[in-house]
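> Coordinates for the following, if possible.
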Amino acid sequence: MRPANKLLMLVLVFGLIALAPSLIRQESMLNLVIMTLYAALLGQAWNILGGYGGQVSFGHAAYFGTGAYTVAVLQVQFGINPWIGLAAGGLAAAAVGAFIGFCTFRYGLRGSYFALVTLAFAEVLRILSNSVDFTGAGVGLLIPLERSAVNFQFVTKEGFFWVIWVMTFAAFLTVWKIGNSRFGAQLMAVRDNEDAARALGVDAFRVKMGAIMLSGFFAGLAGVFYAQYFLYLDPHIAYGAAISVESLLVPIIGGMGTLFGPLLGAAALHGLSELSRAVIGDAPGVSLVLYGVLLVVMVLFAPRGLAGLYSQLSGKRRAHPSGGGR
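Residues are numbered from 1 along each chain as shown. The predicted structure is shown next:
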């Protein structure tokens, strides 16, 4: 698909999503749309580094938690407005990404070594946040309830919808730009064959550093949104493995290295979770079991994700048009 057509489709899809507040009257259903967009943002953040850059991360909770704790600590401990915390959270997460990237890419860590180091960084941050007082230690931080748009706490869910809509749309526009830029071409060259890319003059270290900082920034924004939406954080939530798993599961199911993959994956995961809740109830662990089953099915039958499956089926239809003969 041509870049202009992809952009048009992206605008159309998010334009249709923007109709949700006017069409949906139930708070629970609007909450589902909000959480789907939140998951798509988190998944797209991972997709920049893991899908387009080929650097599989098991520790995206490090960036998510940094963004979440930055906005929470600035509010609770220093009384700083959360809209300022929004920018600070994204930048702090990008800085953590730069630090992790320097410590890994500078010394040539790739593949499983890189993945395990990212997991270790997230775990170190979880332990640190569980030990220091300004994060609330093991008790966590409760953000005071002060319903006001100025305070990033909206009276209705519609306000939160528009915030996460803008964040997610910005992330998807960024990924569209990456996919049609020199930086993106270099990033995908590094993903496909780093040694060959270096031989062609690509500065692999610089390219991967740019990707991990962008990835960290958007994951940090997802963390900021989570903190303001739920108004409570503890180390297990902010830096826990569940965030890292969700961030990589969404693009893997939707389609790694594709523009729309994270949105498809987020819709599939949260739609399945909502369906299981309606049928089975809130039995603990059911969603995780279903996620695992879905992941196995996708790996076996659609390894390129839902986006890849769609492309494959479309290609078959073009190759064998209905009703055609010689």
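
> For the stretch 151-300 of the chain, give me the ranges with low pLDDT.
By pLDDT under 70, the low-scoring segments of the stretch 151-300 of the chain are 281-288.

> mind redoing it with 90?
241-242, 269-300 (pLDDT under 90).

> can you map out the strands along it?
Assignment of strands within the stretch 151-300 of the chain using DSSP state E, counting those that start in this stretch yields the ranges 232-233.

> Tell me which stretches of it form helices.
157-179, 182-192, 194-199, 204-230, 235-239, 241-254, 261-280, 286-301 (DSSP state H, counting those that start in this stretch).

> Compile those into JSON lines and extend it with columns for distance to residue 90 and mean neighbour count.
C-beta: built from backbone N, CA, C; applies to glycine. As requested, those are exported to JSON lines (distance: least, CB to CB, whole Å; neighbours: other CB atoms under 10 Å):
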{"stretch": "helix 157-179", "distance to residue 90": "9", "mean neighbour count": "19"}
{"stretch": "helix 182-192", "distance to residue 90": "19", "mean neighbour count": "18"}
{"stretch": "helix 194-199", "distance to residue 90": "28", "mean neighbour count": "14"}
{"stretch": "helix 204-230", "distance to residue 90": "5", "mean neighbour count": "25"}
{"stretch": "helix 235-239", "distance to residue 90": "15", "mean neighbour count": "23"}
{"stretch": "helix 241-254", "distance to residue 90": "15", "mean neighbour count": "24"}
{"stretch": "helix 261-280", "distance to residue 90": "18", "mean neighbour count": "20"}
{"stretch": "helix 286-301", "distance to residue 90": "27", "mean neighbour count": "13"}
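
> quick one, which of those is nearest to residue 135?
With CB to CB as the measure, helix 235-239 is the member of the helices of the stretch 151-300 of the chain nearest residue 135 (7.3 Å).

> got the CA coordinates for that closest one in PDB?
Below are the C-alpha coordinates for helix 235-239, written out as PDB (Å, rounded to 0.1, in the frame of the first residue of the first chain):
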ATOM      1  CA  PRO A 235       5.900  -1.100  42.200                       C
ATOM      2  CA  HIS A 236       4.100  -4.300  41.100                       C
ATOM      3  CA  ILE A 237       1.800  -2.300  38.900                       C
ATOM      4  CA  ALA A 238       4.300   0.100  37.500                       C
ATOM      5  CA  TYR A 239       7.300  -2.100  36.900                       C
END
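
> Provide a list of residues in contact with the most centrally placed residue in the chain.
The chain has residue 42 as the residue nearest its centroid, 1.4 Å off, counting by CA atoms, centre = their mean. Residues near residue 42 by CB atoms under 8 Å, 6 or more residues apart in numbering: 60, 64, 218-219, 222, 243, 246-247, 250.

> where does the stretch 1-150 of the chain have low pLDDT?
1-4, 25-26, 28, 107-108, 110-111, 132-140.

> Tell me which stretches of it form strands.
Using DSSP E, counting those that start in this stretch, strands in the stretch 1-150 of the chain cover 141-142.

> any chance you could map the helices in it?
3-17, 20-23, 27-46, 61-78, 82-105, 111-129.

> can you redo these as a markdown table with distance to residue 152?
Below are the helices of the stretch 1-150 of the chain laid out as a markdown table (distance: least, CB to CB, whole Å):
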| stretch | distance to residue 152 |
| --- | --- |
| helix 3-17 | 21 |
| helix 20-23 | 18 |
| helix 27-46 | 14 |
| helix 61-78 | 8 |
| helix 82-105 | 4 |
| helix 111-129 | 21 |
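
> Of those helices, which is nearest residue 190?
Here helix 82-105 is closest among those (CB to CB), at 10.1 Å.

> what sits opposite residue 153 in the beta ladder?
Beta-bridge partners recorded for residue 153 (DSSP bridges): residue 148.

> wait, what's in contact with the spatially closest residue to residue 274 that is not a sequence neighbour?
Using CB to CB, 6 or more residues apart in numbering and skipping the chain neighbours, the partner closest in space to residue 274 is residue 32 (5.7 Å). Residue 32 is in contact with 270-271, 274, counting by CB under 8 Å, 6+ apart.

> Now do residue 193 against residue 48, distance only.
Counting by CB to CB, to the nearest Å, the gap between residue 193 and residue 48 amounts to 19 Å.

> the more surrounded of the two?
residue 48 (29 against 12; other CB atoms under 10 Å).
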